[in-house]
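1. Curious how this folds, go ahead:
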Amino acid sequence: MSMRPSLCIILGLTWASHLAAQQPSVTGPIQAYTFDAPTRSVRAVAGFSGAAFFGPVLRDNLDFASMAPRQDYGLAFQEGQCLLLSGFGSAHITSRLLAGIAGQPEGVVWSGDGSLAILYSHTGNWFQTVSGFPSAPVVASRVDASSLGGSLASVAASAQGKMIVAGISGQDGGVFESSGDQTFTRIGSLANPIAIAFSSDGLTLYVLDGSTPQVLALGLGGEGIQTIPLQGLSDPVAIQAVEDSQSRELLYIAAATDRMIRVVDTATGQIVNDIPVSFKPTTLNQFGSSSYVAAERSQAASPLWLFATTPQPAAYFVPAIQLNPMKHRAANLGSTNLGSAR
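-> Now for the predicted structure:
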């Protein structure tokens, strides 16, 4: 549905659209819902680690979307509008317009419970938060990262979305905590904080320093700074903190050109394992209950690479979507409904 900008502002969050068609059924346990960029569609990923597959199209013709981890809702962008999509686990998917979001982000980071999303753009050097999911989303004003003295390198939110931090690269770079009302407090100084992760208890902030391969553990309760060296890794790009079955806090570090995911015990700084992978990992974003997206699908023939931390840390892939030949022909003529996985 297309709407005039003035009408969008008037209706804002009160506007809603209910899809008439029932949601296609998915066979097997659903790990998560995800946006598939090559087919511009939201789909479920069903099955188990090593035997996962894409389900049918749940919503298509999208320019970009991001689903909240372990939830049945997410944000989508279509023809310049931002939509809250919800009800992916029910018979009908609903779509509601969100006013106050001026432009499409390059990415979205969610809090662990899905109550808050941080929209961001490295190119535009801005980020913007939306809180109160799923029932009452509140859109905050956009933050220009240049006001913090540099370029936006990373963003992160605590598990319940109560703490928001931004990593700013540059001569006066560092990590800044949002204090509300567009004000920020510096909590650490480093030139290139390319990735940030909260500890499982929310008391420590792990920051990946892109200028010197190391991770800084910043104690948020005044405990000081711990340095975790990353010897042997030439290109670390993403981090994630996970508590294992032995109540150890483990740090997972994805290294792109090294084609490796390293596991470090944060208490000792010792390497627990170096796990070689056959692809270049680019991220470690929460996916299922114990799985993370390690490399998004960028091309139609590419698989989705996931990394699971249980029962044993390992990477596996979701095979590329097999397109229906007739719909594939329609896609070449401009259609974006590209069919479902077989």
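2. any residues touching the helix or strand hosting Leu84, and which ones?
-> For Leu84, the host element (DSSP states H and E) is strand 81-86. For strand 81-86, contacts defined as C-beta atoms under 8 Å, 6 or more residues apart in numbering pick out 3, 8, 42, 59, 65, 72-77, 93-98, 101, 104, 133-134, 137. The way it works is simple: take the backbone N, C-alpha and C, and place the C-beta from them, glycine included.
3. From those, keep the buried residues only.
-> Neighbour-count burial (16 or more other C-beta atoms under 10 Å) is assigned, among these, to 8, 42, 59, 65, 72-77, 93-98, 101, 133-134, 137.
4. The protein: helices as residue ranges?
-> 5-11, 325-332 (DSSP state H).
5. Pick out the shakiest of these, pLDDT-wise.
-> Note on those: helix 5-11 shows the lowest mean pLDDT, a mean of 37.
6. quick one: Ser278 and Ile271, what's the gap?
-> Computed as C-beta to C-beta, to the nearest Å, the Ser278 to Ile271 distance reads 21 Å.
7. Neighbour count for these two, which is higher?
-> Ile271 (16 against 8; other C-beta atoms under 10 Å).
8. what's the pLDDT at the more buried one?
-> pLDDT at Ile271 comes out at 97.
9. Same question for Thr212.
-> For Thr212, the predicted pLDDT is 89.
10. Report how many residues lie close to it.
-> 12.
11. Now do it against Ile225, distance only.
-> From Thr212 over to Ile225 the distance is 14 Å, taken as C-beta to C-beta.
12. Same check on Leu251?
-> On the measure of C-beta to C-beta, Leu251 and Ile225 end up 15 Å apart.
13. Who has more neighbours out of those two?
-> Taking neighbours as other C-beta under 10 Å, Leu251 and Ile225 compare with Leu251 leading, 23 against 12.
14. Give the bridge partners for that one, please.
-> Applying DSSP bridges to Leu251 gives these bridge partners: Ala241, Val264.
15. That one touches Ala241, doesn't it?
-> Yes. Counting by C-beta atoms under 8 Å, Leu251 does reach Ala241; the two are 5.5 Å apart.
16. Now do the shared contacts for those two.
-> The contact sets of Leu251 and Ala241 overlap at 197, 206, 266 (C-beta under 8 Å, 6+ apart).
17. I'd like those residues as JSON lines, with distance to Tyr316 appended.
-> As requested, the shared contacts of Leu251 and Ala241 are arranged in JSON lines below (distance: C-beta to C-beta, whole Å):
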{"residue": "Ala197", "distance to Tyr316": "22"}
{"residue": "Tyr206", "distance to Tyr316": "25"}
{"residue": "Thr266", "distance to Tyr316": "25"}
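18. Most neighbours among these, which one is it?
-> Result: Tyr206 is most packed of the shared contacts of Leu251 and Ala241 (other C-beta under 10 Å), 24 neighbours.
19. if I look at Val165, how far off is Glu106?
-> 18 Å.
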